[in-house]
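Asks: Fold the stuff below for me.
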Amino acid sequence: MSDELTDAARFCSECGKGIDGDSTFCRHCGAKQDLSAAPAIRHTLPNPPAATVRTQIRWPIVIVLAVIAVPIVAVVGIVIVVMILNAVSARSISPIPSTVTAPSVANLTTENGQAALNRWMSIADPSGGRVTIVGGIREVPSQNIATADVQLSNFHYQSARGYGQRLYSGLGTATFVHYTDGRWVLTRIETADAWYGLTEDPAAFTTNAEVQ
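Replies: Coordinates of the predicted model:
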């Protein structure tokens, strides 16, 4: 049986515990009750629901935290984006005018350009082909490159179109590229036959011989 009392409640005259107002006997101790006595009525004010109280307390805190957090998150996001862009920019290497050269990297001269060509030839034709710069090196700052006329002698190379080994002696052009880190790199050697379409092969050779 529930211990809740009805609106018209009284207390037992013997044990003092609460009983219903129309009870003849106490449900706790069994004592007979005098119904003519005025009941002791208990009035209770209802408590507000717990959920309502919590809502009234938490919503202002949530709003304040949101107002503070949004600018912080925005600033952190901007900082991260800037850091990523700076890292990508620092890694990129693209040609720049030849006047901007890192002090630790050699300037391009006929001598070190010839050395780079010799290294290329030693790999491209170990059988004894030769390549020699003729007339010096011409820098083209607007294109971040330099070119040199070359004389190729007894240059053996493998046909790119399945015609076997070829032998070439004649003029050609060497191309050097200047990079943002100051390096000059020999990137291409092209034969005169390729210029005039006198060969079925694309007689141009790519390499990556750094000028030292």
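
Asks: Could you use CA atoms for every contact and neighbour count after this?
Replies: Noted.

Asks: Low-confidence bits of the protein, can you list those?
Replies: Applying pLDDT under 70 to the chain picks out residues 1-9, 36-59, 86-106, 160-163, 193-203.

Asks: What segments of it are helices?
Replies: Under the criterion DSSP state H, helices of the chain are mapped to 50-91, 110-124, 192-196.

Asks: The second one - contacts with which helices or strands?
Replies: Judged by 3 or more CA pairs under 8 Å, 6 or more residues apart in numbering; DSSP states H and E, the packing partners of helix 110-124 are strand 130-140, strand 184-191, strand 204-210.

Asks: helices or strands up against the shortest one?
Replies: When you say that, I think you mean strand 204-210. Here strand 204-210 touches helix 110-124, strand 184-191, going by 3+ CA pairs under 8 Å, 6+ apart.

Asks: between these, which gets nearest to residue 130?
Replies: Residue 130 lies closest to helix 110-124 among those, at 6.7 Å (CA to CA).

Asks: buried set for the closest one?
Replies: Within helix 110-124, the residues that count as buried by 16 or more other CA atoms under 10 Å are 110, 112-118, 120-121, 124.

Asks: still on that earlier bit, can you list the helices and strands packed on helix 110-124 in a markdown table and add mean neighbour count and distance to residue 19?
Replies: Output for those, formatted as a markdown table (neighbours: other CA atoms under 10 Å; distance: least, CA to CA, whole Å):
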| stretch | mean neighbour count | distance to residue 19 |
| --- | --- | --- |
| strand 130-140 | 17 | 110 |
| strand 184-191 | 22 | 104 |
| strand 204-210 | 16 | 103 |
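
Asks: Go through these and name the closest to residue 85.
Replies: Comparing the helices and strands packed on helix 110-124 by CA to CA, strand 184-191 comes nearest, at 26.6 Å.

Asks: The closest one pairs with which strands, and in what direction?
Replies: strand 165-178 (antiparallel), strand 204-210 (antiparallel) (DSSP bridges).

Asks: From the rest of the structure, what touches that strand?
Replies: By CA atoms under 8 Å, 6 or more residues apart in numbering, the list of residues contacting strand 184-191 from outside reads 106-108, 113, 116-117, 170-178, 203-211.

Asks: which one of the helices and strands packed on strand 204-210 lies closest to residue 151?
Replies: Nearest to residue 151, of all those, is strand 184-191, at 9.2 Å by CA to CA.

Asks: Next, the angle from the closest one to strand 130-140.
Replies: Inter-element angle recorded for strand 184-191 and strand 130-140: 120 degrees (by axes from the mean of the first three to the mean of the last three CA atoms, to 10 degrees).

Asks: For residue 129, see how far away residue 111 is.
Replies: 19 Å (CA to CA, to the nearest Å).
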